[in-house]
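Engineer: sequence and predicted structure are below.
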Amino acid sequence: MSKEFFEAVRLLTAEKGISEEYLYEKISAAIVVAAKHDFNGKDIVHCDIDPDKQKIKVYVRKNVVEEIEDPDTDLTLEQAQLIRKSAKVGKTIDIPLKTKNFGRIVAQTAKHVIRQGIREAERGQMLQEFQSKNQELLSAKVSRVDPVTGNITLEIGKNEAVLPRSEQVPGEVLTEGDMTKIFVVDVKEGTKGPKIMISRTHPGLVRRLFETEVPEIFDGTIEIKSVSREAGSRTKIAVFSKDEDVDPVGACIGPRGQRVSNIVDALGGEKIDIVKFSEDPAEFVAASLAPSDVVSVEILDPDAKTCRATVPDDQLSLAIGNKGQNVRLAAKLTSWKIDIKPESGFYEGE
């Protein structure tokens, strides 16, 4: 029986990836909980599991007394000496229990506690695994697409996570079996296990993609200062290098545009503007309005971070962008409120 038990634990640890020590601890606790029923729940039952000798010892520790006050916890000297001749009043004695005598109800209780322990261990492992991937870029496989909610269940290693519709790129269609990149926004411990929050729309996804594609970002030569994004449409990213010999924008674009092209493909064709960061707000704002040209930038209120950018008349609509998108992303990227003014001073239609 013991040999089969220890073999079963060994197979369980191999299958679930849970440490034997953890399982033995939970099994021991389960046996104690089950056996305590026979002693009115008194905390006198102990269980020692020795995997090396393949032995399970379950015993009740009772007090040797002159007069019994509680039959669950006390033994007279005469009773104790029938079990161990060296027993003395004032000491304790361990009385072995036969696990096969626990009965069906006790065995079921033990099974329940063991199962619960395994679930806790699996949840703990999952939480640990996900926490190590927090704020990281992961590859995931689409396993299910809910036709009603539009939520997508993804396989991430041995685990699963749900990509809500709100975190999916507008217009992007993912089908079962597709591989996609996701960003782990946060990992929290919930009542039903770890809750992993993943996204395809988060600016962190773009940041991590650039780190993957551009070695100079990964090794710290180039720094990503800020990212602003409207997923599925356009992203602006500001980059900077302390090394004057390094062109941060050129490095991110890559030879023949290959690096940025790979990122655009991973984002399903999303447009990307790579701009050079500057400590000079006017210079940074001018760069952020790419792809439009900027004649000048006037700082209106440094405290309120408001400015006015003057652009050539024929670049006005480009600077503002479709439905104001370009200037909106530039404002997010720089943290400045930007007013756009045509060079002539006259707006179309005035």
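Structural biologist: Alright, I've got the coordinates. Residues are numbered from 1 along each chain as shown.

Engineer: now the stretch 251-350 of the chain, which segments are flagged as low pLDDT?
Structural biologist: 346-350 (pLDDT under 70).

Engineer: which parts of it are helices?
Structural biologist: Assigned by DSSP state H, counting those that start in this stretch, the helices in the stretch 251-350 of the chain fall at 258-266, 281-288, 316-320, 325-334.

Engineer: okay if I get those as TSV plus mean neighbour count and distance to A34?
Structural biologist: (Each C-beta comes from the backbone N, C-alpha and C, glycine too.) Formatted as TSV, the helices of the stretch 251-350 of the chain follow (neighbours: other C-beta atoms under 10 Å; distance: least, C-beta to C-beta, whole Å):
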stretch	mean neighbour count	distance to A34
helix 258-266	16	54
helix 281-288	21	67
helix 316-320	18	73
helix 325-334	21	60
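
Engineer: adding distance to V206, write the ones you listed out as TSV.
Structural biologist: Rendered in TSV, the data for the helices of the stretch 251-350 of the chain read as follows (distance: least, C-beta to C-beta, whole Å):
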stretch	distance to V206
helix 258-266	7
helix 281-288	15
helix 316-320	22
helix 325-334	12
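
Engineer: would you tell me which of these gets closest to K98?
Structural biologist: Of all the helices of the stretch 251-350 of the chain, it is helix 258-266 that lies closest to K98, at 62.9 Å by C-beta to C-beta.

Engineer: which residues touch the closest one?
Structural biologist: 181, 206, 209-210, 213-214, 251-254, 270-272, 274 (C-beta atoms under 8 Å, 6 or more residues apart in numbering).

Engineer: can you report how many residues lie near the nearest residue to R165 once chain neighbours are set aside?
Structural biologist: Spatially, and ignoring its direct neighbours in sequence, R165 is nearest to G150 (3.9 Å; C-beta to C-beta, 6 or more residues apart in numbering). Using other C-beta atoms under 10 Å, G150 has 12 other residues around it.

Engineer: hang on, G150 in a strand?
Structural biologist: No: G150 sits outside any strand when classified using DSSP: H, G, I helix; E, B strand; the rest coil, being coil.

Engineer: hmm, back to that, tell me which two of the contacts of helix 258-266 sit farthest apart.
Structural biologist: Distance extremes for the contacts of helix 258-266: the farthest pair is K181 and A251 at 21.1 Å, using C-beta to C-beta.

Engineer: between the two, which is the more surrounded one?
Structural biologist: Counted by other C-beta under 10 Å, K181 and A251 do not tie: A251 has more neighbours, with 19 against 16.

Engineer: which of the contacts of helix 258-266 are buried?
Structural biologist: K181, V206, L209, F210, E213, V214, A251, C252, I253, E270, I272, I274 (16 or more other C-beta atoms under 10 Å).

Engineer: T149 touches R165, doesn't it?
Structural biologist: Yes: applying C-beta atoms under 8 Å, one finds T149 in contact with R165, separated by 6.4 Å.

Engineer: which stretches in this structure count as helices?
Structural biologist: For the chain, the helices defined by DSSP state H cover 2-16, 20-35, 77-83, 104-131, 203-213, 215-218, 248-253, 258-266, 281-288, 316-320, 325-334.

Engineer: for C307, name its beta-bridge partners.
Structural biologist: As for beta bridges, C307 partners with I299, I338 under DSSP bridges.

Engineer: show me what contacts it?
Structural biologist: P281, A282, V285, V297, E298, I299, L300, W336, K337, I338, D339.
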